[in-house]
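**Q** how does the following fold in three dimensions:
(one chain, ligands or ions: 1)
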Amino acid sequence: MPERNPYQMALEQLDKCAKIMNLDPNIHEILKYPKRVLCVNVPVRMDNGKIKVFTGFRSQHNDALGPFKGGIRYHPNVTMEEVMALSIWMTWKCAVAGLPYGGAKGGVICNPKEMSVGEIERLSRGYFHAISSIVGPDIDIPAGDVNTSGREMAWFMDEYSKVKGYNVPGTVTGKPIIIGGSEGRVEATGMGVAITGREAAKKLGIELKKATVVVQGFGNVGYYSAYFMEKLGCKIVGVSDSRGGIYSKKGLSVEHVSKFKEKTGSVVGYPDAEDMTNEQLLEQECDILIPAALENQITEKNADKIKARLILEGANGPTTPEADEILFKRGIVVVPDVLANSGGVSTSYFEWVQNLQNYYWSKEEVIEKLDKLLVKAFNNVYETYKKYGTEMRMAAYICAINRVAEAMKVRGWV
Ligand code: GLU
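**A** Sure thing, here's the model as predicted:
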C-alpha cells in the first residue's frame, strides 16, 4: 500500500462508510472538506534572544451540530493534512457521543521537549492570539491534545481573555480547576476508554478480572486508561512511552511504573519487566490492547501479529484502513477512537456547560453523567454494528454521519 497522509486515510474511511450507508452524494461531498483551515506563522523570542518562527494550524471541519470542538497538539510531525484528518475525526467523535458540537483540531509544529517553559508559554500565547479571531465559546472551543495540558489551556484562556478584555473561561476546555476547569477532566479520556472497554467486554464475554491488558503510550490517555483498567480488575502486562516498552507476564503496578517514570523519565528499564520496542509491545500476548500514543501504529505490517481479542483506541487514528480489514477478518473487535476516547471531549462539554452557566458540579456528578453518556453512545454504536455486520468503526461513523447529515438537511445546507 503506498504511503498516504492521514487526511487521505480519513477520506478513505468516509468513502467506505458512505458506500455502506448509501449516503447522499451531496452530503458526502461537503463532508470531504474542512469548512476552514487557518495556517499561522508565529514568531517567538527564544531564550537565546533569537526569534524563531513556528507554523501552526487550526482546521474546522463541520459545525452543523454546534460550535467546532477539538484539541491542539504540539509535535514536530504535525502537518496540515494531519490536523485536517483529526478535525474530521472530531466531527464524528462529537456526533457519536451525542454532543452539540462540530469537529476541529489544531496543531503547532514544534518539539516542546526541547523548549523551555518560557518558550512554550510565548509560543502558546502567540499561537492562540493568532487564531483568536476564529475561536471563542460560541465559535470553536479548543482543548488539550498530544503534549498540551492544563498549563497550556490556562495560557490560552488568559490570552483570549486579554484580547476580549474580560474573562472568557468557556473558550477552552481542560483548564485547571481553579480557573473554571471541570472536576474529572484530567482523567476523563482514560476513564472513558475503561468504560467503553467494560461495555465491550460484557458483549464479548471477556471477564475483566481475568483479562490481561497492554497499553501503548503512557501520557495522559495511556496512563489513565491503564489506571482505570487496573481498577476494573484487569492485569496490566505491558506499557510503553515514546522511548520504548516494558512487558511482564506477572503484571505491572500502574502506580509503581508511573513513579519509576517520574524518577527516570521513562518506563524503560523498569525492574522485573522485559524491555522492548513499541512495535514489539503491540504484538505481545494479551486480551485487550490499548494503543494510546499516535496515529499509524497498527498497519498491514503488524495487524496479523496482534494477539489481543479486543482493541480500545485511546489514541486518534492508531489503526490504518488496511489493518482494520485484517483485524475484522480475524474477528478482533476494535472499539474505534471516536467512541473509545470520546470521554475526553464529553467531559470537555461538561466543562463548557459549567463555564456558560457559572455553576460547578462535583466530581461524582461529572463521573455519573460521563458514564451514562458513554454507555448510551456505546449501545447505539453496538446496535448499528450488529445491524450492519461491519467493523465497529464503520458503525460509529454511520451513527455520527446520520446525525450530522440530519442537521445539515434541516439547516438547508443540502
Ligand atoms: N484532544 C482530545 C480528543 O482528541 C479532546 C478534545 C476536546 O476535549 O475538545 O478528543
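
**Q** the residue in the chain that the ligand sits nearest to is in what secondary structure piece?
**A** Residue nearest to the ligand within the chain: Gly71 (2.6 Å; Cβ to the nearest ligand atom). Quick note: C-beta positions are derived from backbone N, CA and C, even for glycine. Element membership for Gly71 (DSSP states H and E) is strand 68-75.

**Q** same check on Tyr349?
**A** helix 342-357.

**Q** mind listing what's buried in stretch 339-357?
**A** By neighbour count with 16 or more other Cβ atoms under 10 Å, stretch 339-357 contains the buried residues 339-352, 354-355.

**Q** my error: substitute stretch 28-36 in the last question.
**A** For stretch 28-36, by 16+ other Cβ under 10 Å, it's His28, Ile30, Leu31, Pro34, Lys35.

**Q** same question, stretch 88-107
**A** 88-99, 101-107.

**Q** show me what from the protein comes close to the ligand.
**A** Neighbours of the ligand within the chain, by Cβ under 6 Å from any ligand atom: Lys69, Gly70, Gly71, Lys93, Ala143, Asp145, Thr173, Asn316, Asn341, Gly344, Val345, Ser348.

**Q** spatially, what comes nearest to the third one if we skip its sequence neighbours?
**A** Beyond its immediate neighbours in the sequence, the residue positioned closest to Gly71 (Cβ to Cβ, 6 or more residues apart in numbering) is Asp145, lying 3.0 Å away.

**Q** in the stretch 101-250 of the chain, which spans are strands?
**A** Listed in chain order, the strands found in the stretch 101-250 of the chain under DSSP state E, counting those that start in this stretch are 102-109, 140-144, 212-216, 235-241, 244-247.

**Q** these: which one's closest to Pro169?
**A** Between Pro169 and the strands of the stretch 101-250 of the chain, the shortest gap by Cβ to Cβ is with strand 140-144, which sits at 10.7 Å.

**Q** can you list contacts of that closest one?
**A** 58, 60, 63, 67-72, 101, 104, 106, 128, 134-135, 150, 152-153, 156, 170-174, 220, 344-345, 348, 352 (Cβ atoms under 8 Å, 6 or more residues apart in numbering).

**Q** again, only using 6 Å
**A** For strand 140-144, the surrounding residues in contact (Cβ atoms under 6 Å, 6 or more residues apart in numbering) are 60, 67-69, 71-72, 104, 106, 153, 172-174, 348, 352.

**Q** report pLDDT for the residue lying closest to Ala188 once chain neighbours are set aside.
**A** Closest residue to Ala188 apart from its sequence neighbours, by Cβ to Cβ, 6+ apart: Thr347 at 3.6 Å. pLDDT recorded at Thr347 is 98.

**Q** same question for Asn355.
**A** pLDDT, Asn355: 98.

**Q** show me the contacts for it.
**A** So Asn355 contacts Pro169, Gly170, Gly180 (Cβ under 6 Å, 6+ apart).

**Q** try 10 Å
**A** Asn355 sits next to 137, 141, 157, 167-173, 175, 179-182 when contact means Cβ atoms under 10 Å, 6 or more residues apart in numbering.

**Q** residues of the lengthiest helix in the chain that come out buried?
**A** Scanning the chain for the longest helix, with DSSP state H as the assignment, gives helix 363-388. Buried residues in helix 363-388, counted by 16+ other Cβ under 10 Å: 366-367, 369-371, 373-374, 377-378, 380-382, 384-385.

**Q** I'd like those as TSV, with pLDDT appended.
**A** Converted to TSV, these look like this (pLDDT from 0 to 100):
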residue	pLDDT
Val366	98
Ile367	98
Lys369	98
Leu370	98
Asp371	98
Leu373	98
Leu374	98
Ala377	98
Phe378	98
Asn380	98
Val381	98
Tyr382	98
Thr384	98
Tyr385	97
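
**Q** quick check, nearest of those residues to Asn5?
**A** Of those, the one sitting nearest to Asn5 (Cβ to Cβ) turns out to be Val381, at 26.7 Å.

**Q** how far away is the closest one from Val78?
**A** Here Val381 is placed at a distance of 29 Å from Val78 (Cβ to Cβ, to the nearest Å).

**Q** likewise for Glu262?
**A** Computed as Cβ to Cβ, the Glu262 to Val78 distance reads 27 Å.

**Q** now swap in Ser346 and tell me
**A** When distance is defined by Cβ to Cβ, Ser346 is 25 Å away from Val78.

**Q** can you check Gln357 too?
**A** Using Cβ to Cβ, Gln357 is found at 34 Å from Val78.

**Q** so who does Pro43 touch?
**A** Residues in contact with Pro43 (Cβ under 10 Å, 6+ apart) are Ile51, Lys52, Val53, Phe54, Arg122, Leu123, Gly126, Ala130.
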